Structures are given as structure tokens and as C-alpha cells.
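1. Build me a model from this:
(2 chains)
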Amino acid sequence: MTKEFHCGNIHWARGWFSRVVVIALVNYLTVLTGLATPAPTWSFDGLNQGPLFGPAIPPETNGAVGRNFIMTPLRTGMLIQNKVGNPLYFWDQGYWWYPPFGDPDPNGVFVCYLATAPSQPVVTFDPYTNRWFLVMVNLQLTAGGNALLIAVSKTEDPSSPSDWFRYGIESPYLYAGFLDRPKIGFNGKWIVVQTEVVGTDPHVGAIFVFDKQPLLDGICPVGTSNYQVIGVTADQGAHMCPALTYDPSFPDEFLLQSSKTDDPQTMTTLTYYRIYGETAATAQLSTGIQVPPLANNSWVSQGPAAPQRNSNALIQDDDDRIHRCIYRNGSLWAAHTVFLPVTPSPTHSTVQWWQIAPAPSAAPSASATVVQHGVIPSGDGLFRSYPTLAVNANEDVLIGYALFGHLIYPSGAYSFRLGTDAPGTLGIQEFTCGSGMGPYKPTSGVNSPYPWGANSAAVIDPVDDRSMWTIQEYSGPIVTMTPTPVTKTQDSSTITAPIDTFTEDHVGAAISGPGIPDGSIIGEVHDSSSADLYNVTTGAPVIAAASDTVEAIIGDVGDAPNPFRLWATHWIGISSDFGRVVAGLGHSLGQDPINTTALAASGRNDYGQLGNGSTSNVNNPVSPGGSTPPINFQLHSHIIDVAAGFHNSLAVDKDGAVYVWGANDAGQLGTGSWDRSPHSTPAAVPCGASLPCVGGKFNIFKQDDDGQPYYVPGSTRFGISPTRVSFKLNASAVVDYAGQVWMWGLNYYGQLGDGTTTPHLTPARVRYLSGDFFDDVASIETAPDATIALKNDGGVWGWGSSCFGILGDGDTSCPGDIRPNPFPVATGPGLRLTGVVQVACGRASDFCLALTQDGTVYGWGANGSYQLGLNDNVDRGYATLIPNLSGVRRVAAGGYHSLALVPSENGRVYAWGQNGYGQCGFGTITGLPQPYPRPMGGTNNSAFTDIAAGNNFSLMIRGGPQEVWGTGDNTYGQLATGNNSLYSLPTLTHY
Amino acid sequence: MKHDSQSKIDAMKRIIIMTAFMWLFTQVLVMAQESSPIPTMTGTVTSFVDGQSVNIDVSPADHRTFPLTRILEVIGPDGNAADAASVTSGSTVTLHFIMDYGNLIVDRILLAQQ
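-> Next comes the predicted model:
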């Protein structure tokens, strides 16, 4: 992968930036803010609570990722999805485990246990056998009831119960306690499960060691010597976590433990154990080996419950047990919840993570070494808990966890570190991977603090052993009608506890009584003596006792009898390719996967669009903001998204600041004025009356339930919809945290979407025809005459001119329909385009491509150059399926050509449309457009992981050791090849 | 019988040879199509309206008019982007075309050293 080239006086010796520069930046980052977290590549819900799936509280969040499937087994049921989130199968847990209904096994392989109350699933994917391992406990507390349930998939396909061997091991602790909270590990020869034995006082534990191969072969271990239960005393501890061993030749199995018991303790160290031996029957547990304590490091194992916004109810936030442990490259890795500060007493939870080098032997005198250790910075009012950790082949680390606080609804989040980062450092920037949708309130009968998560999962993608995923719980939608409008009131004349909160969940009958205003509607009464919670559904007045806390609301509250807020789970996947490239008219920008304060740029520069302080073209990458890359980028800010326009570049940093450089002839800089001068230095779009700002940064507000904006704490500034930017010829677009779209620039066709055709030199928000702000937007694309938005629900909307059919409303005339407000893109009259996960729109011609969840691609708009791939040059007024193209993960739209990336064909790129500069990469430069998708040529059309299309050129990122390849027009040096030669086949660039 | 068999063999040979020729002919057509160079044309500008059309004299007797793409790129003699105002009557230019809706449209004008 190594390539060497020169840029200025710096010798670059890596696919992106030199190691020397990286080291310099790491030091710099250590001092300031740490490493930014890469944005998610995949983001979609897992299994959510619903009327069909039962009210299991907590959901016992867990999941795993295989080569082609994602499995989310929760207490309620199991969801099988493909790797872009498309649901394939759902199974009720009881159904899945109950043979008479779930599996009269066609292969004659028996199920050796009849589970009746399966619970607490933990699943993992073994990349060495390509099998899934699922463990649960059967919680029926009767003789023959409590048991360990373990299932092994027969192949890589986990789709249905008949695809699994399912086994049950009756608890050896019947009448003493029951097996609870299992954790799973494996090495090359064993599957190891540890459980607590709840009911014993103090708790003891049990370790089940199974020979792996018999389980893979469908041989029930009961009655054989293929397994052993190793009892664990209370003194040894009940919370050991067996390791997922990513070394098939390693003979032993490690277990790592923080505090041993459920009692609150002040902790200073961890302990690990080791199982060794030839077979499961002869396996032995070593003595515990204490990891040396670190100076000035201690924590408390349990602490206060977590708060949530707009509610007095609290959330349970874990203890310091380890839910998932990794053994890889000679090290044990784990993360766990800790409560800080130790003195005088803990006020909050946060996440601590470890890399430990265990001793080479299991001898009692063995010692271990802490390789590195870190604590996610806290003290920002947020609680972090239920973490799990994944470590990939590069020793990059993903930590997923729950996020709580007074100012946010219960959410999931993740942080990240690269293997090349300085030891002990972890990006402090968090991404929210499931933004809470309201204050969490489970069904009646569950009291505060409400149970949460009980687990989570961070996992490695076995396909490349580099991409990583995490699934987290978040507070989901309310289940029934919500009251409108609601108004908070304060009154306590006869009520001792103040009325200081309300939630939209709380509805009920009118209340009257001393001190309660006329017209009040009481939702709930929290009986202070019993903490019982009463829902008022009969309409009869209820008088609160003086000692009760009353949550009251005034107004029309609808008729929901018993509303509650569902939980939901959300998957985030992070590609192994953390950098990206974008392509404009004649220039390109590269986002460094390691140094996120830097952008590299190459190509046309007459408007200063490279941002390097010059207006000279460049054919080797330079960094905007200075001639000495990359230190001089303005504010040293971590860039999370970037766009290349015609003569502009635009970037947004982790704090929400938007930087623009290049042309300003249509007010693209957002400064409130326009001019024809080049602007070759990145400058933040300034705050102004029309642009809410915090600390000089871009809008990072959300709307609360009353429609009022509130500041989102910095650590959660980007959530389920990472901020996206886009740029067109003469307008700029930004999606903010709340999923709303801000645009500025020319507006002659209403392409700014604010309902007018008046140009805006400062950002204005896009609105529905009703006047409400257009929201829930995931990403934004701009075409010459229109703007196209992808919403989180998979729908596509457009506004501006319908010229050539770009709005997908059936009209292909020019300027055609003028729609200054968003309008849904359709596949036919009255048929909305749905299920879309990515949209790409043309730069020089009005066409768009939409990638759907199932990997197919739709195209609409201008088609004179066959850029829609439909084997004709007829414009399409409706989104039209492109035939013979499937398995696509990314699409890109150039000036008059299109690209599609197909991972299932080993990362091959297809191209079609205009090829007059070799941009299709076929090895030819021809005036005849390619009418349908065709693979690029040469020997290098493989292993690509991302694509970008400029006006007449194409760029592709190759994964693993990252490389950027390009083909097509290179007149200005936009391919960054160090010359200005055109290329008609994929060629390695200097990015 | 032997004669009939030989006839069948000869017929098979003819079919194989014809098939091979047809395949070869198809490949030549494909190669010809794929190697069709993007057309360019050099001449002297007689009129130029940005956003609309350009007229050039290829020779004293050969006057041509072409529409322009919406996004026209003008490249100066130094290889850098130039302003459209640089294209004036009398300029020697090379036009670069794309095929859009079956028509040749100028997407790039390269200015020669004047």
C-alpha cells in the first residue's frame, strides 16, 4: 500500500499523509482536544419495541454483525437484517426457542431443551468458523426450568430457527439460585459462557466451557464430556467476562473482572483469570491475577441513577461490570461503567477503558501490564454507561454506550480511537447513534429509576476486520396519541413537592382541588410513600395527597388512555475507510482519515477553491488554509463533512462551524454580500440575525416539545443525522443537528426552498408549504436548478425547478414546475420514492440517482448523455429503476456521468454516461456516451470502498491501506496525480 | 453415406467460419465505437454568446455554429481556467464537444496563443 511522493518540502510516505505529519498532529491533538470520531457510514434502527413485540423492560440490548447479516436478539425477539438495515426476518423469542412451533428440525438434529422463558440474549459472530453463537438463560424458576440456552448457527445464515442448533443445559444450581446475565467468549477450540447465580448470597458464578466443534456439529452436550461447568466462588467473583479471542491459535481463554459482587465498592484495579487445558472436560481455571493498580486511578462500582430531560424519573445506569472483553494481539481490551468522583461521593457515571497485556502463563505468580487506559472525560453533566468495546485489526477502538443527562433524552453514543493515536487518548467527540425522542417512560408498573439497556454491543465487521458497529438503546417514539398543546404550570399551595416538570406522556382526566388551577389536567400522581404510579383513565377527579408529587398540564390533551414511550435500538456502522474524497467542477478535496483537522485539495484554483491562500492550480494535494499542510487550517478544527462545489469548497467541523472558500459571486460565503474576488482562505460562515449561533459556531439547537430552541450540549451536537453539506453552482446548503436545512445563494427557481424566489445572502431555513420548517433530513444534494433532500424515513424531497424532471414530479419541461417548497419525489403519479439510503445529484446537468436499502438504484431527471443508465437518452420525470444493477452501496453523480460501487463484486465500480474525458474508466476516451452501467476497466477495478464524481472525472477510495484512485479529466490537476494528463483507467493518485 | 457425412462436416465448418467472422466483425464494430475519439474542432471565432452559442470559421468556406453547455469551461493558453470574456471574435480556439441528446454541444473552449 505504501507509496511515496513529495508535496512541497514534505515527504509523504503513506496513502494519505506522512507518518511524520501524523505524529505531529497526534501530539497537537493530545494537547487540545483529541481525535475526532469518524462519522457513521451506516445508521439505522435495529429491533424496536412495539405492540407486537411486548413491553420487555429493559430490552437487553445486544447484537452482532456477520458477513451478510445483522442479528439483533433482544428479550422480546430476534431481528435479522441485511447490512444496510433492511429487515429480513423477525422471530419471537419464545417461538424461536420452542421446537414444536419453531423448528421440527428437517435435518433430524434435535433440540435438546424446551425453553419456555428465554431471556437476556448475548450473540456473537465467530469469524473463524463463520458461525453465530447465541446464549440466553431460561428464567423459569422451577425444576427443569432454569437453564443455560446456547445456540450455534449451522452456517453464516442465521435467518430462521431451523438454521441453528439449539441446546439447553439445566442449571446445576437449582434451588440455590438461578443463572442470570450470561456473557459469552470463545477461542479456537471452546465456547465459554459465564453467568451469575442470582439468589446465592453472596453471589457465586458459573463458567460453562464447551468444546466448540461438537456444538458446531449439532451434538447436544448434555450427557457427554463435551462440556464442563466450573463453579466460581463468591470470593473469586460473579462478574467475570470471558474474552472474544481473535487469535484462533491461542490455546487459553481469558476472563476479566472488575468488582466481584453487586455491592458498591471503591475499586482501583481489575482481575483476570485464565482457563487452560486440552479439552472442555479437562479445562481448569487459574487463580485470579490482579492487574497492577494505576496511580491516581480509582472509581466506585455503583452510583446515582441518571437524569433525563423533561422528567423527574431517573434511569438505571449500570454498575462497573464488564459486558464484553476482547483478546487480540496479545492484549485484553475492555470498557466498563465507573462512577466518579470517588470522594466525597459519585455524582455521575462515565466510561473507563483498558488495554492489558496479560502474563504469558497462568502461574499464580504471573503479573500483567496495563498497556494503556483511559476515561471518557466527564463533568459535562452527562452520564455514560453500559459500554461495550470493539477492537479491529488495526487496533482501532470503538466504544458504544448509553448517554443520559438533564438536557437530553436517553440516547446511545459512541467514541473512537485510531490504533495510531497516542496511548491512552480517545476521541472526546461523541456521536449520538440514536437520539432520544422524548423522556423515557415505560409502561405502567415500572417505577423510577427505569431499567435501561442492561447491555449493548460494539462489534467488528468480519468482512474486512476493520469496520465496526455498535447497537444502543434510545428513548423512542410515544406509543399512542400525544397531548396538544401542553403548558407547564407551577402550583404547590397544598402540595409539598413542587410541580417542576411535565412530560407529554402524562395525560388523563381533569383534576380539581386546593391549589390546583381550574382546567388542570392531571396526568400522574406519584405517591410519595409507595412510589406507585397511577394513570387516570376514568375521567373521575383525583385529588392528590399533600405528600404527593403531581405532574399537571393544562390544555387539550387528546384521548390517549395510557401513553408511554417506547424504547428503540439503533445500529451505527463505521466503515474502515474513515476518509473520503469529494469532487467539484475542476477540483477535488480529500478528507484525511487520520488527521481530521486537515483537508487536502487539488485542481482548479482560480477562485481560491483549494483554500491554500493562492489562485494557482495544483496537481498535488495541498491543504486549505496554508501552504504547510495541515497545521494551518483555520481554528485547527475537526472536519466532519466536506463538499466541493463548482468554484467553492465547504466544510463543517465538529462544533457546527461551517467554512466556505472560493467564489462569492452569488453570496456563497454567507457573509451577507457578494463579490467577484477569489477567496482562498477558509472562513467560518458568520453568525447573524438569521443564523443562530453559539460561541461563534453554526446552529446547534434543537426544538423542544414547545417548539422552543434549546442549546444542545457540545458532546451530543451531532446525532442520528450527522450534519451534511452540499454546494451547487450558486447556492449552499447545510443540514443542521435537528435535521433542518439551511440554504443561501441565488433563488430564481425557489431552489432555496423557503417559499420565495428571493435570493438570500445569509442562511435561511427550508420550509414546507405549510410554513413549518422542513426537518428530519439526513442529507442534502444540489443540482443546477433544484435541491434534493433525503429524509431519515427514506423518502426523497425536492424543490426548485422541475427542469428535465429533476423534481421527480412527472414534469420534464424547463423551467417547468416552480416549487419553492419541498415536494416528494415520486416513481409515478401518487407513488412516492421510498426506502432510499443515499441520493446523488448531477453537477452540470439536472439528474439524480437514489440508492435504496436493497441495493438497487433509481434515476430521474436529465438523460441526454445516458447518465441515468436506462439505455436511452430520454429524460425521466419520475424516479425510474435502473435495470441490471444490484448490490450497490454507493452512487455518485458527475457532470454528465454516473458511478455505482458494488461491494458484493469485490468493490467493483460501474460507470455510465458521458465519457469524453475518460471519466468512466473504461480505458477509452470517446464521444459516444455509455448507455447503461458497465464496470470500469483495467486490473485495478476492485476493493474500492467509496466513490466521488466530479464534472468530468471520477475518484475512488480503496480500503485497507487507504488509497485514492482517479480517472478522467485532469486539466487542472484535479486527479492529484502530480501531472495534468488525462487518464482513462483508474490510476493511483497522490491523495 | 460417407458423402453425406462429409457434406455435413463441410456445412459445419462453413457455419463455424461464418460465426467466427460475425464475431470478429462485431468486435471490430465495438472497438471502432469505443475508440471513437471525442471530436474537437479548431477555428476562428466569429461570434460568441456565453450561455448560448459559438460560431467559428473552420475555413473560409466552412462556418459552423454550435450550442454551448450550461457549464462552459474556457481554458487559456497556459492551461488554466480563463474567463468566458476571453473568447472574442478573432480568437483562435479549439472546441471540445460532448454528445448530449444526440447533438454535439461545446462544453470546453481552449484558447490558442494569440
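2. can you pull the contacts of the one residue sitting closest to the centre of chain B?
-> By Cα atoms, centre = their mean, chain B has its centre lying nearest to residue B:39, at 3.1 Å. Counting by Cβ atoms under 8 Å, 6 or more residues apart in numbering or on different chains, residue B:39 touches A:927, B:97, B:104. For the C-beta atoms, the positions are set from N, CA and C on the backbone; glycine is no exception.
3. Show me the one in those that has more neighbours than the rest.
-> For the contacts of residue B:39, counting by other Cβ atoms under 10 Å in any protein chain shown, the largest number of neighbours falls to residue B:97: 19 neighbours.
4. State the distance from that one to residue A:322.
-> Distance from residue B:97 to residue A:322, counting by Cβ to Cβ, to the nearest Å: 66 Å.
5. ok so, going back, next, check the contacts of residue B:39 against the strands and list the overlap.
-> B:97, B:104 (DSSP state E).
6. burial count for whichever residue of the stretch 551-700 of chain A sits closest to chain B?
-> The minimum distance from the stretch 551-700 of chain A to chain B, using Cβ to the nearest Cβ, falls at residue A:606 (4.7 Å). Neighbour count of residue A:606, defined by other Cβ under 10 Å: 22.
7. Hmm, it is touching residue A:615, no?
-> Yes. Taking contacts as Cβ atoms under 8 Å, residue A:606 lies within contact range of residue A:615: 5.6 Å.
8. what sits in contact with each of these two?
-> Counting by Cβ under 8 Å, 6+ apart, the common neighbours of residue A:606 and residue A:615 are residue A:678.
9. quick one, strands of chain B?
-> B:40-49, B:53-59, B:62-75, B:92-100, B:103-111.
10. partner residues bridging the residue positioned nearest the centre of chain A?
-> In chain A, the residue lying closest to the centroid (Cα atoms, centre = their mean) is residue A:572, at 2.6 Å. Here residue A:572 sits in beta bridges with residue A:43, residue A:470, going by DSSP bridges.
11. Now do it, the pLDDT please.
-> pLDDT recorded at residue A:572 is 81.
12. can you check residue A:516 too?
-> If you check residue A:516, the pLDDT there is 44.
13. Tell me the residues of chain A that contact chain B?
-> Within chain A, the residues that sit near chain B (Cβ under 8 Å from any Cβ of the partner chain) are A:585-586, A:604, A:606, A:616-617, A:646, A:729, A:784, A:843-845, A:864-865, A:873, A:895-896, A:914, A:916-917, A:922, A:924-929, A:951, A:971-972, A:980.
14. From those residues, keep the buried residues only.
-> Buried residues within those, counting neighbours by 16 or more other Cβ atoms under 10 Å in any protein chain shown: A:585-586, A:604, A:606, A:617, A:646, A:729, A:784, A:843-845, A:864-865, A:873, A:895-896, A:914, A:916-917, A:922, A:924-929, A:951, A:971-972, A:980.
15. Quick check: the residue in the stretch 651-800 of chain A that chain B sits nearest to vs residue A:177, distance?
-> For the stretch 651-800 of chain A, the residue closest to chain B is residue A:784, as judged by Cβ to the nearest Cβ, at 6.6 Å. Using Cβ to Cβ, one gets 70 Å for the distance from residue A:784 to residue A:177.
16. Residue A:862 too?
-> Relative to residue A:177, residue A:862 is positioned 70 Å away (Cβ to Cβ).
17. got it, and residue A:315?
-> Distance from residue A:315 to residue A:177, by Cβ to Cβ: 27 Å.
18. and what of residue A:325?
-> Between residue A:325 and residue A:177 the computed distance is 24 Å (Cβ to Cβ).
19. So for those two, which residue has more residues nearby?
-> Legend: neighbour count by other Cβ under 10 Å for residue A:325 and residue A:177, higher for residue A:325 (27 against 19).
20. Please identify the helix or strand for the more buried one.
-> Element membership of residue A:325 [criterion: DSSP states H and E] is strand A:322-328.
21. Just the pLDDT for residue 113.
-> Went with chain A since none was named. At residue A:113, the model reports a pLDDT of 64.
22. wait, chain B
-> 84.
23. What of residue A:282?
-> Note on residue A:282: pLDDT of 97.
24. Next: residue A:145.
-> 71.
25. How much space separates residue A:248 from chain B?
-> Separation of residue A:248 from chain B (Cβ to the nearest Cβ, to the nearest Å): 48 Å.
26. Let me know the secondary structure of that residue.
-> Here residue A:248 is coil, with the state taken from DSSP: H, G, I helix; E, B strand; the rest coil.
27. Which residues does the closest residue to residue A:191 other than its chain neighbours form beta bridges with?
-> Counting by Cβ to Cβ, 6 or more residues apart in numbering or on different chains, the nearest residue to residue A:191 once its immediate chain neighbours are dropped is residue A:210, at 4.6 Å. Under DSSP bridges, the beta-bridge partners of residue A:210 are residue A:191, residue A:227.
28. Could I get the strands of chain B in JSON lines, plus columns for distance to residue A:170?
-> JSON lines is the format used below for the strands of chain B (distance: least, Cβ to Cβ, whole Å):
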{"stretch": "strand B:40-49", "distance to residue A:170": "82"}
{"stretch": "strand B:53-59", "distance to residue A:170": "86"}
{"stretch": "strand B:62-75", "distance to residue A:170": "73"}
{"stretch": "strand B:92-100", "distance to residue A:170": "74"}
{"stretch": "strand B:103-111", "distance to residue A:170": "76"}
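29. right, so of those strands, which gets closest to residue A:234?
-> strand B:62-75 (74.7 Å; Cβ to Cβ).
30. Buried residues in that closest one, which are they?
-> Those would be B:68, B:69, B:71, B:72, B:73, B:74, B:75, for strand B:62-75 by 16+ other Cβ under 10 Å.
31. between the residues you listed, which is nearest residue A:458?
-> residue B:71 (45.2 Å).
32. roughly how far apart are the closest one and chain A?
-> If you go by Cβ to the nearest Cβ, the gap between residue B:71 and chain A works out to 4 Å.
33. Quick one: residues contacting that residue.
-> Residue B:71 makes contacts with A:585, A:646, A:729, A:784, A:843, A:844, A:895, A:951, B:107, as judged by Cβ under 8 Å, 6+ apart.
34. Point out the least confident one among the residues you listed.
-> Lowest pLDDT among the contacts of residue B:71: residue A:729, with 50.
35. Is residue A:439 located within a strand, as I assumed?
-> No. In this structure, residue A:439 is coil, not part of a strand, as judged by three-state DSSP.
36. In this structure it contacts residue A:475, no?
-> Yes. Counting by Cβ under 8 Å, residue A:439 does reach residue A:475; the two are 7.0 Å apart.
37. Looking at these two, which one has more neighbours?
-> Set residue A:439 next to residue A:475 and count neighbours by other Cβ under 10 Å: residue A:475 wins out with 30 against 25.
38. Go ahead and name everything in contact with stretch B:94-104.
-> Stretch B:94-104 has contacts (Cβ under 8 Å, 6+ apart) with A:845, A:864-865, A:873, A:896, A:914, A:916, A:927-929, B:38-43, B:54, B:56, B:66-67, B:69, B:105-110, B:112.
39. repeat that with 7 Å
-> For stretch B:94-104, the external contacting residues (Cβ atoms under 7 Å, 6 or more residues apart in numbering or on different chains) are A:864-865, A:873, A:896, A:914, A:916, A:927-929, B:38-42, B:54, B:56, B:66, B:69, B:105-110, B:112.
40. Repeat that for stretch A:79-93.
-> Stretch A:79-93 has contacts (Cβ under 7 Å, 6+ apart) with A:42, A:44, A:46-47, A:68-72, A:75-78, A:118, A:158-161, A:571, A:837, A:853-855.
41. same question for stretch A:454-468, mean pLDDT?
-> Averaged over stretch A:454-468, pLDDT sits at 87.
42. List the buried residues in it.
-> A:454-462, A:464, A:466-468.
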